[in-house]
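Asks: what's the 3D shape of this:
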Amino acid sequence: MATVRMTSDEIRNGPSMMDWDRVKALKDEDIDFSDIPEATDAQLADAVANRAARLGHRMMAVDEFSAEYIRSKALATRQTQAEIIRAMVARDLASATS
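Replies: Residues are numbered from 1 along each chain as shown. Take a look at the predicted model:
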């Protein structure tokens, strides 16, 4: 099998490989659960919409200039982008209280 390399832009903007008409036409009773047990009410009560929400992550819109600055600082210091932002906030809070 050949390896296919794609940029994130190619993935985002390229044609979908999903047969959405088939998915939309699918009814619950058409799903084969023979090898997957159905979720219990207790499991559904504990369900979280997505991993980011469960971990307390939030998304925010950042202009390209700021995003690139944070990205470059993260690469230069081997920190995550969240760590860079936390450090910036901590410095700002420290200077506000002094």
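
Asks: C-alpha only now, for contacts and for neighbours.
Replies: Noted.

Asks: Give the residue spans of this protein that score low on pLDDT.
Replies: 1, 49-54 (pLDDT under 70).

Asks: name the element A67 belongs to?
Replies: Remark: A67 resides in helix 64-77, with elements defined by DSSP states H and E.

Asks: And that helix, what's buried?
Replies: 70, 73-74 (16 or more other C-alpha atoms under 10 Å).

Asks: ok, so of the residues you listed, who is nearest A96?
Replies: Proximity of those to A96 (C-alpha to C-alpha) peaks at I70, which lies at 21.7 Å.

Asks: Hmm, Q81 and the closest one touching each other?
Replies: Yes: using C-alpha atoms under 8 Å, I70 is in contact with Q81, at 6.2 Å.

Asks: Could you measure from the residue located most distally from the centre of the chain over to I85?
Replies: Centroid-distance maximum for the chain: S98 at 36.9 Å, with C-alpha atoms, centre = their mean. Between S98 and I85 the computed distance is 20 Å (C-alpha to C-alpha, to the nearest Å).

Asks: ok so, going back, pipe the buried residues of helix 64-77 into a markdown table and attach distance to A25 per row.
Replies: Putting the buried residues of helix 64-77 into a markdown table (distance: C-alpha to C-alpha, whole Å) gives the following:
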| residue | distance to A25 |
| --- | --- |
| I70 | 43 |
| K73 | 47 |
| A74 | 45 |
